[in-house]
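Sharing a model prediction with you, sequence too.
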Amino acid sequence: MTLTKFHGIIPAFYACYDDQGNISESRTHALCDYLFEKGVQGVYVGGSSGECIYQSLDERKAVLSYVASNLKGKMTLIAHVGAPSTRDSIELAKHAATLGYDALSAIPPIYFKLPDSAVYKYWSEIMEATPLSFIIYNIPQTTGYTLTPSLFEKLLANKKVIGVKNSSMPTMDIERFKRVGGKDVVVFNGPDEQYVAGRIMGADAGIGGTYAVMPELFLQANEFVKAGKFEEAGQIQSDINDIIIALCSLKGAMYAGIKEILKLRGVNIGSVRAPLEAVAAEDAGPIADIMKLIDQAIERYCG
Ligand SMILES: CC(=O)N[C@@H]([C@@H](O)[C@H](O)[C@H](O)CO)[C@@H](O)CC(=O)C(=O)O
């Protein structure tokens, strides 16, 4: 299969709620329309940024359905199906397969610290459940589990494995996974703060939680890297990092701040689900400042 459809800028899709905090179909469509209009290459649905961990199985299935009904055939669709039990992950995987997703992905098992053998079995059983391609997800800072290059190599024996979304902080991990996978595997950069560094270390593409709030900037960073314009790529990354640091410095959760910025950009997808904290009154000024930073950077690099 051609892997180029997994290259480019792939925003992690946010949870879209109504004013009562329920999943909103119309607001999910609004986010789909906005991302399509921005020209991103795909979406990663139902991951950390999708607040999957706070949603029921039925809610997660509904989100997968709403996104597919809007974006299928318009861009690459990746369904994150990681869940506390293998049984739930398989149910989500089968649902995504019926909707025509291009690939599945899953974090390793969470809560209990399980050995590599159990993690291998978990990912393998999800893969067995559908014909879809699979993207391993390494995110040790939230799951407590660190994928090793040797387990990745073992997983690659299964031809359904087409890549790894690496959200660990060392860019060397990207280099190691690329070394093991080679050209027939897609390595996705996970930490948005080092998108450019990740690409230089071997990442073919990026999946990120802050892309959708400033897609223009990540699309431009991708263009700079592709053109070998590393000085410009470094500059845009530095401006992106000012924005991410400001988002992470709010009283409310980063995703709550992101959703307020999206409202300023004309897309209302509600707020976040508890225990994530909504923005506080004192966040209003900093959020307006972040919006200015985004506008200025878009003007500077994409004008
Ligand atoms: C821990 C975490 O959420 N990492 C994000 C990053 O994109 C992150 O939001 C960004 O680097 C800002 O810190 C992604 O790697 C994961 C992600 O967006 C997802 O699964 O939805």
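The structure has been received and is ready for your questions.

With adjacent residues omitted, what lies nearest to Lys72?
Nearest non-adjacent residue to Lys72, counting by C-beta to C-beta, 6 or more residues apart in numbering: Gly100, 5.2 Å away. Every residue, glycine included, has its C-beta placed from N, CA and C.

in what helix or strand does that neighbour lie?
Counting by DSSP states H and E, no helix or strand carries Gly100.

count of neighbours near it?
When neighbours are defined as other C-beta atoms under 10 Å, Gly100 has 11 of them.

Correct me if wrong: it contacts Lys74.
No - using C-beta atoms under 8 Å, Gly100 is not in contact with Lys74, being 11.7 Å away.

how close does the residue nearest to Ala106 when sequence neighbours are not counted get to Ala68?
Computed as C-beta to C-beta, 6+ apart, the closest residue to Ala106 that is not its neighbour in sequence is Gly82, at 3.6 Å. For Gly82, the distance to Ala68 equals 18 Å [C-beta to C-beta, to the nearest Å].

between those two, which one's more packed in?
Just comparing Gly82 and Ala68: by other C-beta under 10 Å the higher neighbour count belongs to Gly82, 26 against 20.

Assign that one to helix, strand or coil.
Under the three-state scheme (DSSP: H, G, I helix; E, B strand; the rest coil), Gly82 adopts coil.

now the helices for the stretch 101-250 of the chain?
116-129, 140-143, 149-155, 171-181, 195-200, 215-226, 230-248 (DSSP state H, counting those that start in this stretch).

Now the closest residue to the ligand within the stretch 151-300 of the chain: closest residue in space that isn't a chain neighbour?
The ligand sits closest to Gly209 of the stretch 151-300 of the chain, with a gap of 2.7 Å, by C-beta to the nearest ligand atom. In space, and not counting its chain neighbours, Gly209 is closest to Ser49: 4.0 Å by C-beta to C-beta, 6+ apart.
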